[in-house]
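Colleague: After the sequence you'll find the predicted model.
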Amino acid sequence: MRTKFIAGNWKMNLTKTSSIELARGIARAIPNNVEVGIAPPFVYIDAVASAISGSKLLLGAQDAYCESGGAFTGEICVPMLKDLGVRFCLSGHSERRHILHETPDLVSKKARAIYSAGLIVIHCVGETLLERDSNETLNVVRSQLSELQPNIITDPNRLVIAYEPVWAIGTGRNATDQQAQEVHAFVRQTLAQMWNPDFAARVRIQYGGSLKPENAKGLLSQPDVDGGLIGGASLKADSFLAIVNAAAAIG
Ligand code: PGA
């Protein structure tokens, strides 16, 4: 039985004060049967860590560099994040792939660095509209999953896959329940081939892309949807908690 995992990706939003307020609002309302996390911008992580200390809310980061220290101007490494109490970190978010032009090789190295340092890696995969329209969805997802190394990643509890169709991110247009389930089942089948069926059965697969209170119940009820990675709707405590509570009601 996989515990649902709802994570908020705050992206490049909020201020120090509003980050602390939002984090506190979420931390005090987490139900028992769901795992909940937030990924603030780097510069607010420390303040948010203090604000939520002692709560069950998991602290995350949106990105990390693949080296563990040194002359990499402007970058942040996983040991620094760990030092602040960060428990999970994203790799391969579509905005980093498409806007910041991260290559599959860099994404792969980042996923490895995050996992190897002892954090949970949330590895993001998903197709563009052009790729969906040309029936490339499953090929794209398979190739992005191949950035993960089964010889390095051995604990299924520290691997989460986020399926985020690029055409659904920040657009208000979500995948249908069936579209999400179809790709999630494919993700699990691919993980079973890369690792083994038992490992694949334990990995949480989140849906992301305009997940909001109105569509949360339908999407989160799908058999292979084990949570969500939320952007826009994670920036307000009430909408984020409505999604968290929808997940808790499904169990
Ligand atoms: P969205 O973003 O919920 O605003 O679509 C999701 C994400 O990019 O993780």
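Modeller: Thanks, I have the structure now. Residues are numbered from 1 along each chain as shown.

Colleague: C-alpha from now on. contacts and neighbour counts both.
Modeller: Will do.

Colleague: what about the nearest residue to Glu102 once chain neighbours are set aside, how many neighbours?
Modeller: Closest residue in space to Glu102, ignoring its immediate chain neighbours: Arg96 at 5.8 Å, by Cα to Cα, 6 or more residues apart in numbering. Residues near Arg96, counting by other Cα atoms under 10 Å, number 15.

Colleague: For the strand or helix carrying Arg96, list every residue counted as buried.
Modeller: Assigned by DSSP states H and E, Arg96 belongs to helix 94-98. Across helix 94-98, burial judged by 16 or more other Cα atoms under 10 Å covers 94, 97.

Colleague: That helix and the ligand in contact?
Modeller: No: Helix 94-98 does not reach the ligand (Cα under 6 Å from any ligand atom); its nearest approach is 7.2 Å.

Colleague: Now stretch 143-155: average pLDDT?
Modeller: Averaging pLDDT along stretch 143-155 yields 98.

Colleague: Enumerate the residues of the stretch 51-200 of the chain near the ligand.
Modeller: Counting by Cα under 6 Å from any ligand atom, the stretch 51-200 of the chain sits next to the ligand at 168-170.

Colleague: And the buried ones among these, selectable in ChimeraX?
Modeller: Selection of buried members from those for ChimeraX, criterion 16+ other Cα under 10 Å:
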select :168,169,170
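
Colleague: picking up where we left off before, distance check, the residue nearest to Glu102 against Asp63.
Modeller: As for Arg96, its distance to Asp63 is 9 Å (criterion: Cα to Cα, to the nearest Å).

Colleague: and the closest residue to the ligand within the stretch 1-150 of the chain, how many neighbours?
Modeller: Of all residues in the stretch 1-150 of the chain, Asn9 sits closest to the ligand, at 5.6 Å by Cα to the nearest ligand atom. Residues near Asn9, counting by other Cα under 10 Å, number 24.

Colleague: so what's it bridging to?
Modeller: Ala39 (DSSP bridges).

Colleague: residues touching it, list them.
Modeller: By Cα atoms under 8 Å, 6 or more residues apart in numbering, the contact list for Asn9 reads 38-40, 62, 229-231, 234.

Colleague: In this protein, which residue sits furthest out from the middle?
Modeller: The C-alpha centroid of the chain is most remote from Ala71, which lies 28.0 Å away (Cα atoms, centre = their mean).

Colleague: hang on, that residue in a helix?
Modeller: No: in this structure, Ala71 is coil, not part of a helix, as judged by DSSP: H, G, I helix; E, B strand; the rest coil.

Colleague: so His230 makes contact with Phe5?
Modeller: Check again: residue 230 is Ile, not His. No: assessed by Cα atoms under 8 Å, Ile230 is found out of contact with Phe5, at 10.9 Å.

Colleague: out of the two, which sits in the more crowded spot?
Modeller: Set side by side, Ile230 and Phe5 show more neighbours around Ile230, with 26 against 22, by other Cα under 10 Å.
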